[in-house]
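below are the sequence and a predicted model; questions follow.
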Amino acid sequence: MHSQVSDISILRHINLGRDKSLDPSFVFITNSVTPVIIATPVLLCTAGFIKKDSTLKRNAFYIGETMIVSAFVSSALKYSVKRTRPFITYPDLEPQTPAGSYSFPSGHTSAAFALATSATITFPKWYVTVPAFAWAVAVGYSRMDLGVHYPTDVLAGAITGSGSAYITYKLNKWVNKKRKTNKVKSSN
């Protein structure tokens, strides 16, 4: 019960104490998730085909797979936990953007952290990592600022997204190792 009190207390501080002139910026950040998570693997794959670069294509598919895994896990959790949106439970909150199904975990945050983590695994350079995670953190914060998620929803979304990227990476590594082993066996 204490954690719920802290959760709503933090959310009230963020949502009700927000600088309302920043609302359009946070709506823009929130709305950037879908185009960014679709465009990133599509553009990487296109570049891979143009350059005839199989590694770039493989990385694009990995990032795309991560987005699918993250969406699946987030949806499964949402419909298992069935946590009501905070503005429904606490009508004093001021939602600034439409919100769909259940609250836990934040699907936007999950997708943003899945992309940031998979991009960092794929391209481990500071100039990829820093902007990717800055964007992911901004997405998570925007969900609270806009009044549609509790802090624990955002935290769970970040863990779900990053975890999805890591698990997808490990599964791809395992599958590729199996393929190489089977190729060697079949050629002997």
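Nice, I can see it.

just say helix, strand or coil for the spatially most central residue of the chain.
Nearest residue to the geometric centre of the chain (Cα atoms, centre = their mean): residue 111, 2.0 Å. Three-state call for residue 111 (DSSP: H, G, I helix; E, B strand; the rest coil): helix.

contacts only, for it.
Residues in contact with residue 111 (Cβ atoms under 8 Å, 6 or more residues apart in numbering) are 33-34, 37, 67, 70-71, 74, 161. No exception for glycine: its C-beta is placed from N, CA and C like everyone else's.

can you count the residues close to residue 123?
14 (other Cβ atoms under 10 Å).

that one: what's it in contact with?
Shown in contact with residue 123 (Cβ under 8 Å, 6+ apart): residue 59.

hang on, the earlier thing: if I look at the residue nearest to the centre of the chain, how far off is residue 141?
According to Cβ to Cβ, to the nearest Å, residue 111 stands 15 Å off from residue 141.

what does residue 8 give?
With Cβ to Cβ as the criterion, residue 8 and residue 141 are 17 Å apart.

likewise for residue 6?
17 Å.

same check, this time on residue 60
28 Å.

who has more neighbours, the two?
residue 60 (22 against 18).

can you classify that one by secondary structure?
helix.

was I right to think it contacts residue 50?
No. Under the criterion of Cβ atoms under 8 Å, residue 60 makes no contact with residue 50, lying 11.9 Å away.

how about the strands in this protein?
Along the chain, counting by DSSP state E, no stretch forms strands.

any low-confidence regions in it?
1-4, 182-188 (pLDDT under 70).

which residue ranges of it form helices?
2-16, 23-31, 33-51, 54-81, 86-89, 107-122, 126-145, 151-187 (DSSP state H).

which among the ones you listed is found nearest to residue 101?
Closest approach to residue 101 among the helices of the chain is made by helix 54-81 (5.6 Å; Cβ to Cβ).

got the buried residues for the closest one?
Neighbour counts over helix 54-81 (16 or more other Cβ atoms under 10 Å) mark 56-60, 62-67, 69-71, 73-74, 77-78 as buried.

and it with helix 107-122, angle?
150 degrees (axes from the mean of the first three to the mean of the last three Cα atoms, to 10 degrees).

so helix 54-81 versus helix 33-51, what angle?
160 degrees.

what angle separates helix 54-81 from helix 151-187?
130 degrees.
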